[in-house]
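Novice: Prediction below, plus the sequence it came from.
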Amino acid sequence: MVNTLIEYLSYPMVRYALIVGVLIALCSSLLGVILVLKRFSYIGDGLSHVAFGAMAVAAVVGLTDQMMLTLPITIVCAILLLWTGQNAKIKGDAAIAMISVGALAFGYLLMNLFPTSSNVSGDVCSSLFGSTKILTLTKSEVVLSVVLSIIVVVSFIALYNRFFAVTFDESFAKAVGTKTRLLNFVIATIIAVIIVLAMNLVGSLLVSALVIFPALSAMRIFKSFRSVTVFSAILSVICALLGIILSILWDTPVGSTIVITDIVAFIVCSIVGRIKG
Amino acid sequence: MDQLVCKNLKLGYENITLTEDLSFSVEKGDYLCIVGENGAGKSTLMRTLLRLQKPLAGTIEYMDDLNAAKIGYLPQQTIVQKDFPASVFEVVLSGCQNSLGLHLFYSKADRKRAMDNMKRLGISDLAKWCYRDLSGGQQQRVLLARALCATEKMLLLDEPVSGLDPKVTLEMYELIEKLNDEGITVIMISHDIACSVRYAKHVLHIGNDFFFGTVDDYRTSAAGRKYLEEGHHHHG
């Protein structure tokens, strides 16, 4: 088993997959804590469907670098959703349901009308559930993922105190002069970036699992914002590594294996939280 | 010395006017209680004083080097906070966010201010506790300590005793009185008129009846008599 693993690790694409996987897991768990606490979990889900639609468009148009299209579209939608969520005629959750289902239908329709390969259902399945996408990343995609991840982590650390303030109590933050609008805008942008990145790893249907599970697991056990954030980052990275390695060894789909690992970790954390009281 | 002067305020939302032609002023060291029936615009007034929303008309003037960013605010609790994993110290420290400026992290002085304010409100030993594990009264003290980190001059309290049991309510009122005695101006929204009048110096009554003046004048005013009697009735 160890030998198989070492053999696999000698392939650059497996190493790329591990690097990108770890970075994505790290980013998504950091923002996951804020998303869960701000009651925005469903936004991650909605956005991933938008990204799926955008990806279908990119594939049909024949873009080699699909992120160039999916990223800006998802960012715009994220900002719109956060914006309208606060003061719109259509309530936030209904707006998200509309946009996400619409994008899903639109994307699937496009992929069927303008098939880019003979295996349409295979393409759809791989963009929804990730399948082997992470192992077929091009070098430029890897570089872009690494750069974006670093930007996300750095801005999270830099804005940590402000993120906490705006998550715990937005009214108070605004009252004492913190620029809450700008911060929400930054949060929305970062979420969109993470969703697009994470789609490569686990596919668009499973993205929100990557975002919410580590945060929820950490919240079972820890009692301060900092410890929750740190633990959820560590847990998410471990689960992603374990998930990728197991999927290689057992020849299972990468995305679902990582998500199952996250779920097992959540159950363990819940039990530990219960015992700890 | 006046700290806050409001002239001819008109409050409400786009199509709905809640209160019109509201004028009052708050002096340094004052203890103003804002009362009125539900929907009279008490919370809207407070949000307007904090510049969370704009008045439909009229002006608010801040004096004594005071601006909205230097007012300590105790909002009503939100659902989000009910199960928020944050330590008491983290919450109190977040009151210092207006002194962050362009810095990314809190300074030593900020941390000391947070510690001092926790000591001032008797919650130092709760520093590492999780906010969601505290009792209602303890949570209010934590949020009050946070508000104190944001100001040394003026506190705006939105229903600070709602949901607290009578004993804890009394403690909260005494704590607020103590802070007022130390020189901090207090503006408080309250449902509990009878009790507020016991501690406040001035009363602002908005809604169907209008009154602004000292507590003694309020007791003898038409609005005051009507509401105080109702209050006594409700509280036995």
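Specialist: All right, it came through fine. Numbering: from 1, shown residues only, chains lettered A, B, ... in the order given.
Novice: Now do the SS call for the residue nearest the centre of chain B.
Specialist: Residue closest to the mean C-alpha point of chain B, counted by Cα atoms, centre = their mean, is residue B:157 at 1.2 Å. Applying DSSP: H, G, I helix; E, B strand; the rest coil to residue B:157 yields a three-state assignment of strand.
Novice: Go ahead and confirm it touches residue B:176.
Specialist: Yes - using Cβ atoms under 8 Å, residue B:157 is in contact with residue B:176, at 6.9 Å. Quick note: C-beta positions are derived from backbone N, CA and C, even for glycine.
Novice: Show me whatever sits in contact with both of those two.
Specialist: B:144, B:186, B:188 (Cβ atoms under 8 Å, 6 or more residues apart in numbering or on different chains).
Novice: Who does the residue nearest to the centre of chain B form a beta bridge with?
Specialist: residue B:74, residue B:188 (DSSP bridges).
Novice: show me what contacts residue A:24?
Specialist: A:145, A:149, A:194, A:197-198, A:200-201, A:210, A:240.
Novice: Please check those residues and keep the buried ones.
Specialist: Buried by 16 or more other Cβ atoms under 10 Å in any protein chain shown: A:145, A:149, A:194, A:197-198, A:200-201, A:210, A:240, out of the contacts of residue A:24.
Novice: Of the residues you listed, which belong to helices?
Specialist: Among the buried ones among the contacts of residue A:24, the members falling in helices (DSSP state H) are A:145, A:149, A:194, A:197-198, A:200-201, A:210, A:240.
Novice: Now tell me what touches the helix or strand harbouring residue A:128 from outside.
Specialist: Using DSSP states H and E, residue A:128 falls within helix A:120-129. The contact list for helix A:120-129 (Cβ under 8 Å, 6+ apart) reads A:52, A:55-56, A:59, A:108, A:111-112, A:115-117, A:131-133, A:199, A:202-206, A:253, A:255-256.
Novice: Looks to me like residue B:10 is in a strand.
Specialist: Yes - secondary structure of residue B:10 (three-state DSSP): part of a strand.
Novice: That one bridge partners, please.
Specialist: With DSSP bridges as the rule, residue B:10 is bridged to residue B:57.
Novice: Could you report the neighbour count for it?
Specialist: For residue B:10, the neighbour count with other Cβ atoms under 10 Å in any protein chain shown is 16.
Novice: Buried residues, the helix or strand bottoming out on mean pLDDT in chain A. List them.
Specialist: Least confident helix or strand, chain A: helix A:120-129 with a mean of 74, by mean pLDDT, DSSP states H and E. Residues of helix A:120-129 classed as buried by neighbour count (16+ other Cβ under 10 Å): A:123-124, A:126-129.
Novice: hang on, the earlier thing: show me the two of the ones in helices among the buried ones among the contacts of residue A:24 that sit farthest apart.
Specialist: Using Cβ to Cβ, the pair of these lying farthest apart is A:145 and A:210, separated by 14.0 Å.
Novice: on that earlier part again, which one of the buried ones among the contacts of residue A:24 is nearest to residue A:101?
Specialist: Among those, and counting by Cβ to Cβ, the member closest to residue A:101 is residue A:198, at 20.1 Å.
Novice: pLDDT score assigned to the closest one?
Specialist: With respect to pLDDT, residue A:198 has a value of 85.
Novice: I'd assumed residue A:26 was in contact with it.
Specialist: No - at 10.9 Å, residue A:198 and residue A:26 do not qualify as touching, with contact defined as Cβ under 8 Å.
Novice: got a list of what residue B:40 touches?
Specialist: B:18-19, B:206-208.
Novice: Could you identify which of those has the most neighbours?
Specialist: Busiest of the contacts of residue B:40 [other Cβ under 10 Å] is residue B:206, holding 25 neighbours.
Novice: Phi and psi next, for it.
Specialist: Torsion angles at residue B:206 (phi, psi; degrees, to the nearest 10) stand at phi -120, psi 160.
Novice: Can you verify my assumption that it contacts residue B:19?
Specialist: Yes - assessed by Cβ under 8 Å, residue B:206 is found in contact with residue B:19 at 5.2 Å.
Novice: So for these two, which residues contact both of them?
Specialist: Common neighbours of residue B:206 and residue B:19 (Cβ under 8 Å, 6+ apart) are B:40-41, B:45.
Novice: Just the closest of these to residue B:85, please.
Specialist: Looking across the shared contacts of residue B:206 and residue B:19 and measuring by Cβ to Cβ, the closest to residue B:85 is residue B:45, at 33.3 Å.
Novice: Next secondary structure element downstream of the helix or strand that contains residue A:17?
Specialist: Using DSSP H and E, the element containing residue A:17 is helix A:12-37. Counting by DSSP H and E, the element after helix A:12-37 in chain order, helix or strand, is helix A:41-61.
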